[in-house]
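Trainee: Need the 3D shape of this:
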Amino acid sequence: MPDPARPLRILHILRAPVGGAFRHVVDLATGQAERGHAVGLICDSTLGGERVEAALAAMAPQLRLGIARIAIPRAPGPGDIPALAQISRQIRRASPDVVHGHGAKGGAVARLAPFVRALRVYTPHGGSLHYGPDTWQGRIYGTLERLLMARTGLFLFESDFARQRFSDVIGAPKGLVRVVHNGVAEAEFSPVPPGPDAADFVFVGELRDLKGPDVLIDAVASLHRDGRAVRLVLVGDGPDRAALEAQVAHLGLGEHIRFAGFQPARHGFSLGRVLVMPSRADSLPYVAIEAAAAAMPLIATRIGGIPEIFGPEADRLIPAGDVAALAEALTRALAAPDVLAASTARLQTRIRASFSLAAMVDSVLAAYAEAMALTNAHRR
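Mentor: All right, here's what the predicted structure looks like:
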């Protein structure tokens, strides 16, 4: 095991280069490279698009260990065999000091790769933790996670919720455990003013059941039935878009609810006056941290690690999946904007103090060093 005080060779492995986990890896890898470490990335080659390619191209010059694209199946199956073989060759070629796997599949291949004398680090990012222990997926993934514990030198969780959820669903991790919150850059603390035709409310995220956009649509419909003709913009795309469009049409709200497709988060914020996050499940969503940093008024549900983001403001959070509670929160936001603005200012101050990108990168590197020191001590 190398001296943790010297520059490291760090290889990140992530299956899907999309969503909050991808943003986390991009920010972390770039920050580590800026601090003088040699960093590389392995990710899936079957997912992409212009946004992914642009993000990878932008970071590529800083990654001395390069970027490798390999076909990595989402679900366990025969396709994992050639993927693991190719990833193992990439790991041996990079000769890393740290192999950091992200998500269920990235974490699995990082720890299964043979003949690797490196610190193996795992960050779940939700992944297998989304499945209950009583489901067949939960039983399969839970068994795999327990088998891989022995090959994990460091567990890094992005929230206390994720750490506790892992212990409840999988079992207590056998290795060093640290919680490092996601962080945002200083530039993201500049406010995002609403655009000239901003809607009353905006949703920014993936259009899927887990994120709860259907609950928000029903809540807006409830306000319309009470005579409040509010407008909503849904920013994002996803597998449930067609069903959500049908829901809007069925409710007769086509003139009041607009689908804007994917937009960068800060541009999405400008399309509304209040951001609404009606998620049914989440860990530590970047969009909440980004919105709070940008002084964007925010309504969110009390799930996952969101209370950790809100801290003293967590009493404003509402139950997930509760249309009536969400409709009431929307009504309060319209009736008392000054109260929401004051809470927003307090939340921005909290984010600046506890959720910075610099602190995230430094804390991860400190956890690497601590795990390496423990490993060296055990070997002696």
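
Trainee: Where does the record place the domain boundaries for the chain?
Mentor: 9-183+356-379, 187-354 (automatic domain parsing).

Trainee: low-confidence ranges in the protein?
Mentor: The chain contains residues with pLDDT under 70 at 1-5, 126-133, 135-138, 379-380.

Trainee: Show me where it has its helices.
Mentor: 19-34, 50-59, 80-94, 103-112, 136-148, 160-169, 213-225, 241-250, 265-269, 286-293, 306-310, 323-335, 337-354, 357-379 (DSSP state H).

Trainee: To residue 154, which of those lies closest?
Mentor: helix 357-379 (4.0 Å; CB to CB). (Each C-beta comes from the backbone N, C-alpha and C, glycine too.)

Trainee: Throw the domains of the chain into JSON lines and include mean neighbour count, thanks.
Mentor: Formatted as JSON lines, the domains of the chain follow (neighbours: other CB atoms under 10 Å):
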{"stretch": "domain 9-183+356-379", "mean neighbour count": "18"}
{"stretch": "domain 187-354", "mean neighbour count": "19"}
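
Trainee: Now residue 69. Nearest residue, chain neighbours left out?
Mentor: Spatial nearest neighbour of residue 69, chain neighbours left out: residue 45 (3.7 Å); criterion: CB to CB, 6 or more residues apart in numbering.

Trainee: Who are the contact partners of the one you found?
Mentor: 69, 70, 71, 72 (CB atoms under 8 Å, 6 or more residues apart in numbering).

Trainee: Equivalent analysis for residue 73, please.
Mentor: Applying CB under 8 Å, 6+ apart, the residues near residue 73 are 79, 80, 83, 105.

Trainee: Which residue, neighbours along the chain excluded, lies closest to the second one?
Mentor: Think residue 80. residue 73 (6.1 Å).

Trainee: roughly how far apart are that neighbour and residue 209?
Mentor: Relative to residue 209, residue 73 is positioned 23 Å away (CB to CB, to the nearest Å).

Trainee: Check residue 329 too.
Mentor: In terms of CB to CB, residue 329 sits 20 Å off from residue 209.

Trainee: re the thing from before, what's the closest of the contacts of residue 45 to residue 260?
Mentor: Closest to residue 260, out of all of the contacts of residue 45 and judged by CB to CB, is residue 69, at 29.6 Å.

Trainee: just checking, the closest one touches residue 44?
Mentor: Yes: in this structure residue 69 lies within contact range of residue 44 using CB atoms under 8 Å: 7.1 Å.

Trainee: Reformat the helices of the chain into TSV and put distance to residue 317 next to each item.
Mentor: Converted to TSV, the helices of the chain look like this (distance: least, CB to CB, whole Å):
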stretch	distance to residue 317
helix 19-34	19
helix 50-59	30
helix 80-94	39
helix 103-112	26
helix 136-148	26
helix 160-169	13
helix 213-225	14
helix 241-250	23
helix 265-269	19
helix 286-293	10
helix 306-310	6
helix 323-335	9
helix 337-354	11
helix 357-379	23
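
Trainee: Ok, which of these comes nearest residue 204?
Mentor: helix 265-269 (4.1 Å).

Trainee: That closest one packs against which elements?
Mentor: If contacts are counted by 3 or more CB pairs under 8 Å, 6 or more residues apart in numbering; DSSP states H and E, helix 265-269 sits against strand 199-204, helix 286-293.

Trainee: how about the ones you listed in a markdown table, adding distance to residue 354?
Mentor: Putting the helices and strands packed on helix 265-269 into a markdown table (distance: least, CB to CB, whole Å) gives the following:
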| stretch | distance to residue 354 |
| --- | --- |
| strand 199-204 | 22 |
| helix 286-293 | 10 |
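
Trainee: sorry, back to before: which of the contacts of residue 45 fall within strands?
Mentor: Those of the contacts of residue 45 mapping onto strands are 69, 70, per DSSP state E.

Trainee: ok, now which ones touch residue 359?
Mentor: With CB under 8 Å, 6+ apart, residue 359 has these contacts: 181, 183.

Trainee: Please read the previous query as pertaining to residue 336.
Mentor: So residue 336 contacts nothing (CB under 8 Å, 6+ apart).
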